[in-house]
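Trainee: sequence first, predicted model second:
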Amino acid sequence: MSYLDDRRLLIKIAHMYYEAGETQSTIAQKIGVSRSLISKYLSKSKELGIVEIIIHDEDYHTVSSLETKLETKYGLREAVCLPDTDQGNMKAQLGAAASKYLLRMIRDNQVVGVSAGTTLYEVATAMASSQYFSNVCFVPIVGGMGNERLDIHANHIVAKLAEALKATYHLLHAPVVVDSKETKEIMLKQLSIKNTLEMGNKADIALVGIGGSPEHSTMVKSYKDYGIIDDLNVEEIAGDICYNFINDEGELVENEWNEKTISTNINKLKKIPLVIGVASGKEKVRAIKAALRGELVHVLITDEMTAKQLLDD
């Protein structure tokens, strides 16, 4: 009879490991076998039905299924879906979820590129950790936007994230859009701007929001009185990412705005090893779909309602 056929011993080891909480090494010493053999005993116990693992996911069963479907449909590395609740501010909940995810993924000596907006502001607000990352550097990957609240600008957000983690940061002293392509070319030659953008383009992780279609865009509202966005073909634009207007396939739209923006463009974004997109809301579904189709993000953090709409064809 094989040693793995000793049912009494299988049960004894299962009790020690799953109920008493003893380690495999401790059990191996008591039983008088190797730790690797204990692992085989435990696997055999599951195979024979002696041990059944039950995951109690009553509160998250629905969203767990949505996450798996999103990952499969769009080829995502991971989807994080928040259940619909009556707890109020969904952006704050998204921010808390994104901050936890970032903490799970971040490593020493990494560079984290950060875009801007109200949702990413919530990420920075929620960020808290007893572990510090003094060798991590946060950098903006977009310029500052118009007369919008300063606290949702990338410079403010990277400073706030760095402060929470005792990390370092760089600032990008440039607007998100300038008057002409020529002006952009001149500004990109400025050493401080050039160095910060190059650092962001080579980041290990990027944390980005996804902007909705022009009629719902904070960015468009900010610049509508300046004549900068008069040439937009609104129907062609699905939304924006890092202030780059994209179409439904997640490709860069050819227009003057995209030619004059100071930010990481989507071709550079695609080269960053881990891009975390944080967005939700009915008005952003088209834009999120576009970003996913274009493979512009590897991880999506969203809510239950948005996830369901993203799965609708």
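Mentor: Sure, I can see it.

Trainee: pLDDT at the spatially most central residue of the chain, what is it?
Mentor: Geometric centre of the chain, nearest residue: residue 276, 2.2 Å, by C-alpha atoms, centre = their mean. pLDDT recorded at residue 276 is 98.

Trainee: surely it and residue 209 touch.
Mentor: No. Look at residue 276 against residue 209 with C-beta atoms under 8 Å: they stay out of range, at 10.2 Å. Heads up, the C-betas are built off the backbone N, CA and C, glycines and all.

Trainee: how about the residue nearest to the centre of the chain, phi and psi?
Mentor: phi -100, psi 120 (degrees, to the nearest 10).

Trainee: which intervals of this structure have sub-threshold pLDDT?
Mentor: 1-5, 56-61, 86-88, 146-148, 215-231 (pLDDT under 70).

Trainee: for it, just list every one of the strands.
Mentor: Using DSSP state E, the strands found in the chain span residues 78-82, 111-114, 137-140, 168-169, 205-211, 239-241, 244-246, 274-278, 299-303.

Trainee: what pairs with the longest one, parallel or antiparallel?
Mentor: When sheet partners are counted by DSSP bridges, strand 205-211 sits next to strand 111-114 (parallel), strand 239-241 (antiparallel), strand 274-278 (parallel).

Trainee: circling back: specify the beta-bridge partners of the residue nearest to the centre of the chain.
Mentor: residue 207, residue 299.

Trainee: shift numbering so it begins at 20
Mentor: Fine by me, first position is 20 from now on; the one you just mentioned is residue 295.

Trainee: ok, it - contacts?
Mentor: Neighbouring residues of residue 295 by C-beta atoms under 8 Å, 6 or more residues apart in numbering: 117, 120, 121, 124, 224, 225, 226, 227, 316, 317, 318, 320.

Trainee: residue 42: which of the residues you listed is nearest?
Mentor: residue 124 (27.5 Å; C-beta to C-beta).

Trainee: look up how far residue 225 lies from the closest one.
Mentor: 11 Å (C-beta to C-beta, to the nearest Å).

Trainee: quick check: neighbours shared by those two?
Mentor: Both residue 124 and residue 225 are in contact with 293, 295, where contact means C-beta under 8 Å, 6+ apart.

Trainee: those two: who's more crowded?
Mentor: Neighbour totals were compared for residue 124 and residue 225, and residue 225 leads with 29 against 16 (other C-beta atoms under 10 Å).

Trainee: tally of neighbours for residue 149?
Mentor: 4.

Trainee: ramachandran coordinates for it?
Mentor: phi -80, psi -10.

Trainee: try the one 5 residues further on
Mentor: Recorded main-chain torsions at residue 154 are phi -100, psi 10, according to degrees, to the nearest 10.

Trainee: tell me the contacts of it?
Mentor: Applying C-beta under 8 Å, 6+ apart, the residues contacting residue 154 are 127, 128, 186.

Trainee: chain neighbours aside, what residue packs nearest to residue 278?
Mentor: residue 200 (5.1 Å; C-beta to C-beta, 6 or more residues apart in numbering).

Trainee: before we move on, back to that, nearest to residue 109, of the contacts of residue 295?
Mentor: residue 320 (11.3 Å).

Trainee: what about the residue nearest to the centre of the chain, distance to residue 71?
Mentor: On the measure of C-beta to C-beta, residue 295 and residue 71 end up 35 Å apart.

Trainee: can you check residue 136 too?
Mentor: 46 Å.

Trainee: compare these two (neighbour count), which wins?
Mentor: residue 136 (25 against 7).
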